[in-house]
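A.B. asks: give me coordinates for this.
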Amino acid sequence: MTNNMPHINNRLLRFSVQALIIILSAIVSLLSMVLIAGAFADYRPARLEPVTPKIPNKNGKNNEKNENNEKILSFLIWNIGYAGLGKESDLFHDGGKMVHTPKNAVQKNVEGIKDLLVKMQNVDFFMLQEVDQNAHRSYFINQADYFSQHLPDYTLTFATNYNAAYIPYPIKQPYGKVWSGLATYSRFAPKESLRYALPAEYPWPVSMFFVKRCFLVQRYAVSGGKELVLINTHKSAYDSDGKVKKTQMQELKSIILKEYEKGNYVVVGGDWNQSPPGFKNENIAPQDPAFDVPDDFMPPGWQWIYDPTHPSNRKMHTVYQPGETPTQLLDFFLISPNLELIAASTIDQQFEFSDHHPVYMRVQLK
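C.D. replies: Below is the predicted model:
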């Protein structure tokens with residue numbers, strides 16, 4: 001009787017090799033299609049781009065205020081976490097499990113954020129970060145416009161810093177489409193609004209699917225022929241060696257020192273992903289070499305404004321657990337020497353609507 005086992009084994013081996021080749025070819029083809037599609041849709045902003053504000057229009061008339069003659073101005077900064085990072089959420093980026101927060105939680109957060117903005121309409125400038133316009137992660141709610149509808153006396157200026165047609169990871173539950181950015185709402189119309197591009201955090205092709213950091217730099221006319229230069233910022237978060245953040249900080253420094261030398265007033269605010277000089281996050285180990293802004297980063301007279309009595313951010317590796325979840329202070333202002341601080345405070349919401357707290361500041365022009 002002939003032994004057919006070697007023949008059968010050879011056939012099985014050839015079949016297995018062919019199947020493996022087909023599978024690998026399919027994977028390579030799929031990855032190639034993703035990269036090609038990503039390259040065609042890649043958001044490539046210029047170094048400097050003008051941004052067109054949406055000036056409120058009431059009864060067919062522009063509600064634009066061309067000059068602000070007030071001496072006392074108020075500001076509120078808030079990284080709203082695209083209304084997807086409330087107390088009931090964790091985040092896969094930071095060691096959690098959640099990719100998409102349930103829709104009812106996102107809707108709850110959007111309403112909570114809107115309610116605070118409406119309640120504080122005496123504030124002159126709202127400077128928000130991580131505001132979605134059209135994103136899978138926030139169920140395609142146009143948050144920038146929704147808040148604007150409830151702030152009818154405010155000019156909205158939006159600067160895109162995340163625009164990806166499709167993010168293919170995680171494989172089992174892709175992140176999907178994201179269009180998000182910085183949004184500043186002001187009671188006064190700016191003279192100029194610019195999107196100032198910052199160095200990329202990641203090399204190609206990873207950069208196609210990540211944030212394109214920027215400053216939103218705006219000029220407002222104030223009395224005496226001077227200008228208020230307002231900068232909405234959101235610095236790098238995942239910067240393992242600190243080099244990108246240091247470069248971003250040096251570019252910011254160059255901009256604001258030149259503006260102050262012209263006699264202008266300067267306010268920078270947002271999520272710095274760093275601790276301000278003089279403040280130490282004792283319950284958080286530094287995440288990168290640039291985690292703390294050096295004490296001597298700015299010349300004498302410049303002021304770092306924050307509330308040391310409350311954290312402004314919490315870690316996202318688990319849902320929020322008061323007294324257990326580590327917290328830190330990452331959200332603050334930097335103001336020029338010709339501004340005098342009147343008040344500053346963090347609005348403690350127990351991270352109900354975002355992984356960040358809003359921070360309020362009031363200043364007087366000298």
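
A.B. asks: kindly export stretch 104-122 (C-alpha atoms) in PDB.
C.D. replies: Provided in PDB are the C-alpha atoms of stretch 104-122 (Å, rounded to 0.1, in the frame of the first residue of the first chain):
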ATOM      1  CA  ASN A 104     -25.900  60.400  26.000                       C
ATOM      2  CA  ALA A 105     -22.800  61.400  28.000                       C
ATOM      3  CA  VAL A 106     -21.500  63.600  25.200                       C
ATOM      4  CA  GLN A 107     -24.900  65.300  25.000                       C
ATOM      5  CA  LYS A 108     -24.900  65.800  28.700                       C
ATOM      6  CA  ASN A 109     -21.400  67.400  28.600                       C
ATOM      7  CA  VAL A 110     -22.300  69.700  25.600                       C
ATOM      8  CA  GLU A 111     -25.300  71.000  27.600                       C
ATOM      9  CA  GLY A 112     -23.200  71.500  30.700                       C
ATOM     10  CA  ILE A 113     -20.500  73.400  28.800                       C
ATOM     11  CA  LYS A 114     -23.100  75.500  27.100                       C
ATOM     12  CA  ASP A 115     -24.800  76.300  30.400                       C
ATOM     13  CA  LEU A 116     -21.700  77.600  32.000                       C
ATOM     14  CA  LEU A 117     -20.800  79.800  29.000                       C
ATOM     15  CA  VAL A 118     -24.300  81.300  29.000                       C
ATOM     16  CA  LYS A 119     -24.200  81.800  32.700                       C
ATOM     17  CA  MET A 120     -21.000  83.800  32.400                       C
ATOM     18  CA  GLN A 121     -21.800  86.100  29.500                       C
ATOM     19  CA  ASN A 122     -20.300  89.000  31.500                       C
END
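
A.B. asks: which residues are in contact with that stretch?
C.D. replies: For stretch 104-122, contacts defined as Cβ atoms under 8 Å, 6 or more residues apart in numbering pick out 74, 76, 78, 80-81, 83-86, 88-89, 126, 138-139, 141, 143, 146-147, 150-151, 153, 185, 347, 349, 352-354, 358, 360. From N, CA and C alone the C-beta is placed, and that goes for glycine too.

A.B. asks: give me that answer again for 6 Å
C.D. replies: 80, 83, 84, 86, 88, 138, 139, 147, 150, 353 (Cβ atoms under 6 Å, 6 or more residues apart in numbering).

A.B. asks: among the residues you listed, name the buried ones.
C.D. replies: Taking 16 or more other Cβ atoms under 10 Å as the criterion, what is buried in the contacts of stretch 104-122 is 80, 83, 84, 86, 88, 138, 139, 147, 353.

A.B. asks: dump the residues you listed into CSV; add pLDDT as well.
C.D. replies: Output for these, formatted as CSV (pLDDT from 0 to 100):
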residue, pLDDT
80, 98
83, 98
84, 97
86, 98
88, 97
138, 97
139, 98
147, 98
353, 98
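
A.B. asks: just checking, which of these belong to helices?
C.D. replies: Using DSSP state H, the members of the buried ones among the contacts of stretch 104-122 that fall in helices are residue 147.

A.B. asks: among the buried ones among the contacts of stretch 104-122, which two are most distant?
C.D. replies: Farthest pair in the buried ones among the contacts of stretch 104-122 (Cβ to Cβ) is 88 and 147. Separation: 21.6 Å.

A.B. asks: just give me the closest of the buried ones among the contacts of stretch 104-122 to residue 244.
C.D. replies: residue 80 (23.2 Å).

A.B. asks: I'd say the closest one and residue 354 touch.
C.D. replies: Yes. With contact defined as Cβ atoms under 6 Å, residue 80 and residue 354 form a contacting pair (5.0 Å).

A.B. asks: over to the residue lying closest to residue 174 once chain neighbours are set aside: give its phi and psi.
C.D. replies: Spatial nearest neighbour of residue 174, chain neighbours left out: residue 168 (5.2 Å); criterion: Cβ to Cβ, 6 or more residues apart in numbering. The phi/psi pair for residue 168 (degrees, to the nearest 10) reads phi -80, psi 0.

A.B. asks: do you know how far residue 168 is from residue 216?
C.D. replies: Relative to residue 216, residue 168 is positioned 29 Å away (Cβ to Cβ, to the nearest Å).

A.B. asks: between these two, who's got more neighbours?
C.D. replies: Ranked by neighbour count (other Cβ atoms under 10 Å), residue 168 and residue 216 place residue 216 first, with 27 against 16.

A.B. asks: need the pLDDT of the more buried one.
C.D. replies: What the model reports as pLDDT for residue 216 is 98.

A.B. asks: now it: how far from residue 185?
C.D. replies: For residue 216, the distance to residue 185 - Cβ to Cβ - is 12 Å.

A.B. asks: report pLDDT for the nearest residue to residue 330 once chain neighbours are set aside.
C.D. replies: Once flanking residues are discounted, residue 330 sits nearest to residue 313: 4.6 Å by Cβ to Cβ, 6+ apart. Reading off the confidence values, residue 313 has pLDDT 96.

A.B. asks: can you give me the helices in the chain?
C.D. replies: Using DSSP H, the helices found in the chain span residues 5-41, 103-119, 143-149, 243-261.

A.B. asks: and those, which one is worst for confidence?
C.D. replies: Among the helices of the chain, helix 5-41 carries the lowest mean pLDDT (a mean of 58).

A.B. asks: and the contacts of stretch 104-122 as CSV, adding distance to residue 335?
C.D. replies: Shown next, in CSV, are those (distance: Cβ to Cβ, whole Å):
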residue, distance to residue 335
80, 23
83, 29
84, 31
86, 30
88, 35
138, 32
139, 37
147, 25
150, 28
353, 27
